[in-house]
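Chemist: take a look and give me a structure for this.
(4 chains)
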2 protein chains.
Amino acid sequence: MARERTDTKARILKVGEALFRERGYNGFSYQDISRPLGIRNAAVHYHFPSKGDLGVAIVERYRRLVGRLARHPATTGEQAVAQLQQLFRFELAQASSHGRPLVCPLAVLATDYANISAEMRDSGGKLVEEMRSWLSHVLEVGRREGAIRFPGEPQQKAVTILATFLGTRQLARLGGFPAVQQAVEQIAKDLGLAA
Amino acid sequence: MARERTDTKARILKVGEALFRERGYNGFSYQDISRPLGIRNAAVHYHFPSKGDLGVAIVERYRRLVGRLARHPATTGEQAVAQLQQLFRFELAQASSHGRPLVCPLAVLATDYANISAEMRDSGGKLVEEMRSWLSHVLEVGRREGAIRFPGEPQQKAVTILATFLGTRQLARLGGFPAVQQAVEQIAKDLGLAA
DNA sequence: AAATCTCCTTACCTACTGATAAGTATATCC
DNA sequence: GGATATACTTATCAGTAGGTAAGGAGATTT
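Modeler: Numbering: from 1, shown residues only, chains lettered A, B, ... in the order given. I've put the predicted structure just below:
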């Protein structure tokens, strides 16, 4: 079982995800993956028979990453605030860890929605649902415990915040200003959190 | 000069914009435009020599559309609120006027940023800048006149709201809930506006 | 009426897309 | 040590991508 070079699949996924988020689902080809890895085109097909399979794997991978953020449900105001700040740090890291900020895979799925497989849509839908219910819970607990404040329903506020982050990483690409950082600060202020 | 069929260029643009926003820049081809219009592929190339030219025209067209929203600078609180509500209506209309909501061209530009021409990037950058300065001004006037309230700088709040709308139209595609409507309501509440 | 311009068509090109079949070297199992 | 599975390679494919050159029909100008 144990291989030396069986990290090929993992390396394909890594390069694939970068390309996916850098250029969109239709903006990269199997060649763009195989060439830098020094393997043949068909090797990629061996691990991911169709491009849709690769797409699903990329989204699922990101889903697991985000899932780690949302593992433990918050029960106190402190925990809620801590989780929010973890989300903020995550977004800031995502925006700055690479040269030009990579967009969220969800943004790619939404833009290319008309040409992706049902499985990819499904995977994206699940990711949205998980983030929404997690953030909604954090906001609800946080407000109940008096740690944050906002008007309206937690569900709606959660959707709004998620949308803000989704859009903010895109604005960051087009505009000449630190959109993510500005949005994080603004969201925190809107929630009554100190900077 | 006057032609009967010279609306061909306009029809190409119309179909092109729909495809652009439905499937992304790399998600449609010249064939997808020429076929439904009953013309040849090369006819599209006649009006838009390269795909980049078409892309720029699409973004510029949208830019003119949005520019009309932001024509008259607000000076009173009433005007500021009216312009905000105009923006809200615009977003709601954009989200519901078609079957599956079309994303903002800016979202497409951001996702496909790595494979678009410098001119398209430029056009997108200008659009962002125009919307940001307009919304920033509306927010500033509105708060100064006591019609709305929000913490922090108008610029940052403007960026956040723009990002929210950008992301919200994408969430609307992936999630099974009316994201745009929920976000509009939430933004209004956050600004202290009645529903 | 000849020349020109506009708006297209026919015909074609190269490059690349995602994808498959068949072969091969290496390791693992029995 | 023969069989089998894994992880690839080479070779090939039909389809489509964006793009171009040349030509033609019809209106406009001179």
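
Chemist: buried ones in stretch A:41-52?
Modeler: A:43-44, A:47-48, A:51 (16 or more other CB atoms under 10 Å in any protein chain shown). Every C-beta, even on glycine, is put in place using the N, C-alpha and C of the backbone.

Chemist: relative to DNA strand C, which of these is nearest.
Modeler: residue A:51 (3.8 Å; CB to the nearest atom of the strand).

Chemist: of the buried residues of stretch A:41-52, closest to chain B?
Modeler: residue A:51 (12.9 Å; CB to the nearest CB).

Chemist: and the residue lying closest to the closest one once chain neighbours are set aside, what is it in contact with?
Modeler: In space, and not counting its chain neighbours, residue A:51 is closest to residue A:30: 7.3 Å by CB to CB, 6 or more residues apart in numbering or on different chains. For residue A:30, the contacting residues are A:41, A:44-45, A:51, by CB atoms under 8 Å, 6 or more residues apart in numbering or on different chains.

Chemist: in contact with the residue nearest to residue A:115 when sequence neighbours are not counted, which residues?
Modeler: Closest residue in space to residue A:115, ignoring its immediate chain neighbours: residue B:27 at 4.9 Å, by CB to CB, 6+ apart. Residue B:27 sits next to A:26, A:112, A:114-115, B:19 when contact means CB under 8 Å, 6+ apart.

Chemist: switch the cut-off to 6 Å
Modeler: By CB atoms under 6 Å, 6 or more residues apart in numbering or on different chains, the contact set of residue B:27 is A:26, A:112, A:115.

Chemist: ok, and the most crowded of these?
Modeler: Neighbour counts for those, by other CB atoms under 10 Å in any protein chain shown, peak at residue A:112, which reaches 25 neighbours.

Chemist: roughly how far apart are that residue and DNA strand D?
Modeler: 14 Å (CB to the nearest atom of the strand, to the nearest Å).

Chemist: which residue packs closest to that residue, ignoring adjacent ones?
Modeler: Closest to residue A:112 by CB to CB, 6+ apart is residue A:25, at 4.3 Å.

Chemist: so the residue positioned nearest the centre of chain A versus DNA strand C, what's the distance?
Modeler: Chain A has residue A:104 as the residue nearest its centroid, 4.3 Å off, counting by CA atoms, centre = their mean. Noted for residue A:104: a distance of 21 Å to DNA strand C, by CB to the nearest atom of the strand.

Chemist: do you know how far that residue is from residue B:170?
Modeler: Per CB to CB, to the nearest Å, residue A:104 is found 9 Å from residue B:170.

Chemist: what is in contact with the two at once?
Modeler: Contacts common to residue A:104 and residue B:170, judged by CB under 6 Å, 6+ apart, are residue A:166.

Chemist: the helix ranked longest in chain A and DNA strand C, are they touching?
Modeler: For chain A, the helix with the greatest residue count under DSSP state H is helix A:118-144. No. Judged by CB under 7 Å from any atom of the strand, helix A:118-144 and DNA strand C are separated, with a smallest distance of 12.4 Å.
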